[in-house]
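any chance you could fold what I've pasted below:
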Amino acid sequence: MKKYMACIATVVAVGSVSACGSSNGSSTGSAPATAATTGSKAATGGFTGSTKLPSGKVGVLQVNAQSERIQIWGKTAKDALSKVGWKSEVIDGKGDPAAWAQAMTTFINEKVDGIVTLAIDPAAILPQLKAAKAAGIPVITAGITVAGPGKNLYAANYAPPDGRFGQVLADYLKTKFPAGTEYVDQDLTAVSGAHALITAGDPLMKAAGFKLVGTKDLNPADLVPQTSKAAVDLTAGHPKAKIMLTCCDFAPPIVVPALKQAGRTGVTIAARYDNPSSLALIRQGAPVVIAAADSDQSVLLAIGQLLAKKASGTAIDPKADAGKYTFKMVDKATVPASGFVFDPATQIAAAVKQWQTEYSR
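Below is the predicted model:
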């Protein structure tokens, strides 16, 4: 599994790409979280002056730093920890289970105060999760939901509900296209959180009268050519399809140029996350819509929980992120002129402020 999850760095580097979903710009879902919380107390903040918080270190394991969204989450973790005076070690897992295992072993040997994994299902690192638990090192997975054997070894899984992205996209699309519209799916069943978007969105699409006429399951070991080829094959095989519902955030910057070259520019690409590449595509008029969420909250919640545990022994709350996420559809009518829909820097600042209040003497 050499390359998976999200927009490929080389694609991002060479072109403007974007994925966004839109509607009237209003949010759907629960009210936005104003800061990351630590469980028994609200946690936030940058630590200035005297503080009761001891120093610490967190290991952050990225499933694959070629993912644009994974890069953003890793930077959020690093920046937030720096602002509170903690050390961080961010390791790119390169989509390779062997690299994930080695990184986990490194963190355990270094006796870090906690580990945050980004988009790694537990079965792939089961021995290391057991070793971390035996060593008393809490491991929290953030960003995307995980599933499978060993899920209970994570102290918590903080992520916007992945199925909700599919629901938000379906609700939007049925207001823009008539019943009977044909559509195709790009799925990634090898990644549970990615697949959840499709399994939640398809029933709503079908209930609204849309016709699913084709599906391609992507190979996570070869994402860029797989995603491009699948898009061309799906639209060539189903020329009446007007929508491509995709599991993930990496599709728009790959699919848009592929379909343009194939002469299939009339297909709307429906994806997730307010990646800069996807937002750029929307600003340029590409047929892209995305469901966005303030997913950096999940990373900040994980850090807040680890800070609280080190500072006062507070038990990690596996339900600390309940109701913390806001979803928005973004399209050409609602895309911001610049920046993110949910700015990571703003979310970090709010969390740091809370942590400062929590731990200042």
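
what segments of the stretch 151-300 of the chain are strands?
Using DSSP state E, counting those that start in this stretch, the strands of the stretch 151-300 of the chain run over 156-158, 182-187, 211-217, 243-246, 268-272, 288-293.

looking at those strands, which is buried most?
Greatest average neighbour count among the strands of the stretch 151-300 of the chain goes to strand 288-293 (a mean of 31), per mean count of other C-beta atoms under 10 Å. Where C-beta positions appear, they are placed from N, C-alpha and C, glycine not excepted.

any idea of the mean pLDDT in it?
For strand 288-293, mean pLDDT rounds to 98.

what packs against that strand?
helix 162-176, helix 251-261, strand 268-272, helix 276-283, strand 326-330 (3 or more C-beta pairs under 8 Å, 6 or more residues apart in numbering; DSSP states H and E).

how far off centre is that strand?
From the chain centre to the centre of strand 288-293 is a distance of 12 Å (C-alpha atoms, centre = their mean, to the nearest Å).

mind putting the helices and strands packed on strand 288-293 in TSV, mean pLDDT and distance to Y154 included?
Output for these, formatted as TSV (pLDDT from 0 to 100; distance: least, C-beta to C-beta, whole Å):
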stretch	mean pLDDT	distance to Y154
helix 162-176	98	16
helix 251-261	95	27
strand 268-272	98	22
helix 276-283	98	29
strand 326-330	98	24
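
deepest of those, which one?
Neighbour counts (mean count of other C-beta under 10 Å) averaged over each of these peak at strand 268-272, with a mean of 30.

now that strand - C-alpha only, CSV.
Output of strand 268-272 as CSV, limited to C-alpha atoms (Å, rounded to 0.1, in the frame of the first residue of the first chain):
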residue,chain,number,x,y,z
THR,A,268,-19.3,17.1,-11.7
ILE,A,269,-16.7,15.7,-9.3
ALA,A,270,-18.1,15.5,-5.7
ALA,A,271,-15.4,15.0,-3.1
ARG,A,272,-14.4,16.0,0.4
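
picking that back up, dump the strands of the stretch 151-300 of the chain to TSV, plus distance to V60.
Formatted as TSV, the strands of the stretch 151-300 of the chain follow (distance: least, C-beta to C-beta, whole Å):
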stretch	distance to V60
strand 156-158	14
strand 182-187	28
strand 211-217	29
strand 243-246	27
strand 268-272	22
strand 288-293	20
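
ok, how many other residues are close to Q347?
Using other C-beta atoms under 10 Å, Q347 has 24 neighbouring residues.

which one, of the helices and strands packed on strand 288-293, ends up nearest to P344?
Comparison of these against P344 by C-beta to C-beta identifies helix 276-283 as nearest, at 10.8 Å.

taking strand 268-272 as reference, get the angle to that closest one.
150 degrees (axes from the mean of the first three to the mean of the last three C-alpha atoms, to 10 degrees).

among the strands of the stretch 151-300 of the chain, which is nearest Q305?
Comparing the strands of the stretch 151-300 of the chain by their distance to Q305 (C-beta to C-beta), the top pick is strand 156-158, with 6.7 Å.

quick one, domains of this protein?
For the chain, automatic domain parsing gives the domain ranges 9-15+29-160+294-325+341-359, 162-293.

mean confidence (pLDDT) on stretch 152-161, please.
97.

any idea how far apart the tips of that stretch sit?
Taking C-alpha to C-alpha, to the nearest Å as the measure, stretch 152-161 stretches 18 Å from start to finish.

give me the residues contacting that stretch.
117, 122, 126, 129-130, 132-133, 138-146, 151, 193, 196, 293-295, 297-299, 301-302, 305, 316-318, 320-321, 325, 327 (C-beta atoms under 8 Å, 6 or more residues apart in numbering).

how about 7 Å then?
For stretch 152-161, contacts defined as C-beta atoms under 7 Å, 6 or more residues apart in numbering pick out 122, 129-130, 133, 138-146, 193, 293, 295, 298, 301-302, 305, 316, 318, 320-321, 325.

cool, thanks, talk later.
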